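# would you be able to build a 3D model of this:
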Amino acid sequence: MSAKCILVIDDEKNLCTIIQACLEKLGCWKVLTAHSGSKGLTLAETEHPDAILLDVMMPDIDGLALFSKLQSNPLTQNIPVILLTAKVQMVDLNKFAQLGVAGIIPKPFDPLKLSRLVAEVLGWKS
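Okay, the predicted model is just below:
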């Protein structure tokens with residue numbers, strides 16, 4: 001069985017590097033990164049990852065608008081999406097949960113626990 005592939009879409013390049021290292025080393029998954037929503041959409045369509053970690057606040061297209069595009073695209077609508085967000089007020093969390101995302105991981109997070117959190121949200125064995 002081949003390793004799962006996760007696409008990380010976040011405009012913070014340093015954070016993408018940390019996430020990629022943690023998920024590859026601790027989760028043993030293949031990780032693709034995109035530093036913009038538009039690049040992330042293209043990678044999702046062409047690479048068909050097993051899951052997407054999506055930052056909510058990005059400059060070119062915010063994560064919620066991108067999630068909507070992913071959901072309306074037949075090539076990407078079945079890919080589970082986990083939101084990465086610093087917006088952790090109850091009203092925000094409730095709004096995100098109603099969108100149909102697979103899960104929400106609040107920022108900041110413990111990088112050493114990230115692969116376990118992702119596996120739990122997606123029901124993958126870590």
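# helix or strand next in line after the lengthiest helix in the chain, which one?
Assignment by DSSP state H gives helix 13-26 as the longest helix of the chain. Counting by DSSP states H and E, the next helix or strand C-terminal to helix 13-26 is strand 30-34.
# show residues contacting that following strand.
With Cβ atoms under 8 Å, 6 or more residues apart in numbering as the test, strand 30-34 has contacts from 3-10, 16-17, 19-20, 23-24, 40, 42-43, 47, 49. The C-beta positions use only the backbone N, C-alpha and C, and glycine is treated the same way.
# of those, grab the buried ones for PyMOL.
A single PyMOL command selects the buried members of the contacts of strand 30-34 (16 or more other Cβ atoms under 10 Å):
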select buried, resi 4+6+7+8+9+10+16+19+20+23+40+43+49
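# tell me which stretches of the chain form helices.
In the chain, the helices defined using DSSP H lie at 13-26, 37-47, 63-72, 90-99, 111-122.
# residues near Val101, how many?
Neighbour count for Val101, taken as other Cβ atoms under 10 Å: 19.
# now do the same contact list for it.
Taking Cβ under 8 Å, 6+ apart as the test, what Val101 contacts is 67, 81-83.
# looking at neighbours, which among those is most surrounded?
Per-residue neighbour counts (other Cβ under 10 Å) across these peak at Leu83, which has 25 neighbours.
# tell me what that residue is bridged to.
Leu54, Ile104 (DSSP bridges).
# what's near enough to touch Pro80?
Residues in contact with Pro80, defined by Cβ under 8 Å, 6+ apart, are 50-52, 102, 122.
# right, I'll leave it there.
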